[in-house]
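Asker: Predicted structure and sequence below. I'll ask about it afterward.
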Amino acid sequence: MKILLLGKNGQVGWELQRSLAPLGELVALDRHPVDGLSGDLSDLDALRATIRKVRPDVIVNAAAYTAVDKAESETELADRVNGEASRVMAQEAASLDAWLIHYSTDYVFSGEGSTPWQECDVVAPVNHYGASKSAGEQAIAASGCRHLIFRTSWVYGARGNNFAKTMLRLAKDRESLGVIADQIGAPTGADLIADVTALAIQQAMHRPALSGLYHLAAAGEVSWHGYASLVIDFAKAHGEDLAVTAVNPIDTTAYPTPARRPLNSRLNTQKLRDNFSLHLPDWQSGVTRMLMEVLNK
């Protein structure tokens, strides 16, 4: 099996380099051209040429435009990377009879209510990032290619920047922190996403009927405030010298941003668990494992 991985240096892409390597020949790219191959999703012609040159059995797209607030002003770039590039990859996958593995987001939904979103629920994004990701989903589905689209939420990795590291950095210098308490989701590790992806590819190759859209997130739910509280309590319990003494809950309205954020980021993962016979661990186990690595404990 030959696998083309795009976005190899992102949080999920970095973990995918590990999880996909045992499955076959792995060609992993980032935005910078190598040996005439390009993983730059903003260059559609180069992207198409790269897929035709590699001729993979599986395309795994871990690249995306993810700057949620900047997407409100950089609409054309967000649409090209998240929408049009997805269409190109899907068209090329269809012509090669290859699988396309793609990642999307809970931001395709309105964020209303408190019920976990199902794959069949109507999309209604509240910001342009969500709209561009929704366009990518639709382009893939319309192409007729065999695909797995994984919608996920609140992704973090031990490598690179993440919410937990930001909280720890601020907690060293500030006595109190205000953290949003009315947005609810499930922090989901890039390592979990990568491992599930590898398992799903192995099964899908033998069962083409598994092609489709799935929700992938850790089990359970929490607010950003609850997430921050766990991070700080864990760090203190493991000997970190932090100045912070209070983590105060605030509403989203107290922290305005250019792009609106959905309040309800809960994802119902029943379809994924049933179809692939998977168990998804609770969000706390992944976060504490990541913290052990970050804190070198």
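Answerer: Right, received. Where do you want to start? The model shown is predicted, which means the values in this text are computed figures rather than measured ones.
Asker: Could you use CA atoms for every contact and neighbour count after this?
Answerer: Noted.
Asker: Quick one: the strands in the protein, in order.
Answerer: Using DSSP state E, the strands of the chain run over 2-6, 25-29, 58-61, 99-105, 146-152, 155-156, 176-180, 184-185, 188-189, 212-215, 222-223, 246-250.
Asker: how about the ones you listed in JSON lines, adding mean neighbour count, distance to residue 111 and mean pLDDT?
Answerer: Shown next, in JSON lines, are these (neighbours: other C-alpha atoms under 10 Å; distance: least, C-alpha to C-alpha, whole Å; pLDDT from 0 to 100):
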{"stretch": "strand 2-6", "mean neighbour count": "22", "distance to residue 111": "29", "mean pLDDT": "98"}
{"stretch": "strand 25-29", "mean neighbour count": "18", "distance to residue 111": "33", "mean pLDDT": "98"}
{"stretch": "strand 58-61", "mean neighbour count": "24", "distance to residue 111": "25", "mean pLDDT": "98"}
{"stretch": "strand 99-105", "mean neighbour count": "24", "distance to residue 111": "12", "mean pLDDT": "98"}
{"stretch": "strand 146-152", "mean neighbour count": "24", "distance to residue 111": "14", "mean pLDDT": "98"}
{"stretch": "strand 155-156", "mean neighbour count": "21", "distance to residue 111": "17", "mean pLDDT": "96"}
{"stretch": "strand 176-180", "mean neighbour count": "18", "distance to residue 111": "15", "mean pLDDT": "96"}
{"stretch": "strand 184-185", "mean neighbour count": "24", "distance to residue 111": "9", "mean pLDDT": "98"}
{"stretch": "strand 188-189", "mean neighbour count": "26", "distance to residue 111": "18", "mean pLDDT": "98"}
{"stretch": "strand 212-215", "mean neighbour count": "21", "distance to residue 111": "15", "mean pLDDT": "98"}
{"stretch": "strand 222-223", "mean neighbour count": "20", "distance to residue 111": "14", "mean pLDDT": "98"}
{"stretch": "strand 246-250", "mean neighbour count": "16", "distance to residue 111": "18", "mean pLDDT": "96"}
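Asker: among the ones you listed, which is nearest residue 131?
Answerer: Residue 131 sits nearest to strand 99-105 of all the strands of the chain, at 10.3 Å, using C-alpha to C-alpha.
Asker: where exactly do the helices run in the stretch 1-150 of the chain?
Answerer: Assigned by DSSP state H, counting those that start in this stretch, the helices in the stretch 1-150 of the chain fall at 11-20, 44-54, 75-79, 85-96, 128-143.
Asker: what's the longest one in contact with?
Answerer: Contacting residues not belonging to helix 128-143 are listed as 65-69, 71-72, 75, 78-79, 82-87, 90-91, 94, 104-109, 123-125, 147, 149, 212, 259 [C-alpha atoms under 8 Å, 6 or more residues apart in numbering].
Asker: That one: which residues count as buried?
Answerer: 128-137, 139-141, 143 (16 or more other C-alpha atoms under 10 Å).
Asker: before we move on, what about stretch 22-38?
Answerer: Neighbour count says stretch 22-38 has 26-31, 37-38 buried, by 16+ other C-alpha under 10 Å.
Asker: So which of those is the closest to residue 3?
Answerer: Using C-alpha to C-alpha, those come closest to residue 3 at residue 26, 4.9 Å.
Asker: give the contact list for residue 197.
Answerer: By C-alpha under 8 Å, 6+ apart, no residues touch residue 197.
Asker: Pull up the gap between it and residue 33, please.
Answerer: Plainly put, residue 197 is 25 Å away from residue 33 if you go by C-alpha to C-alpha, to the nearest Å.
Asker: The contacts of helix 128-143, buried ones only, as a ChimeraX selection?
Answerer: Only the buried members of the contacts of helix 128-143 enter the following ChimeraX selection, criterion being 16+ other C-alpha under 10 Å:
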select :65,68,69,71,72,78,79,82,83,84,85,86,87,90,91,94,104,105,106,107,108,109,123,125,147,149,212,259
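Asker: returning to what we had before: could you redo the strands of the chain as CSV and give each row distance to residue 165?
Answerer: Below are the strands of the chain laid out as CSV (distance: least, C-alpha to C-alpha, whole Å):
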stretch, distance to residue 165
strand 2-6, 26
strand 25-29, 27
strand 58-61, 26
strand 99-105, 22
strand 146-152, 20
strand 155-156, 10
strand 176-180, 14
strand 184-185, 18
strand 188-189, 14
strand 212-215, 26
strand 222-223, 17
strand 246-250, 15
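Asker: mind checking which of those is nearest residue 264?
Answerer: Of all the strands of the chain, strand 184-185 sits nearest to residue 264, with 5.4 Å by C-alpha to C-alpha.
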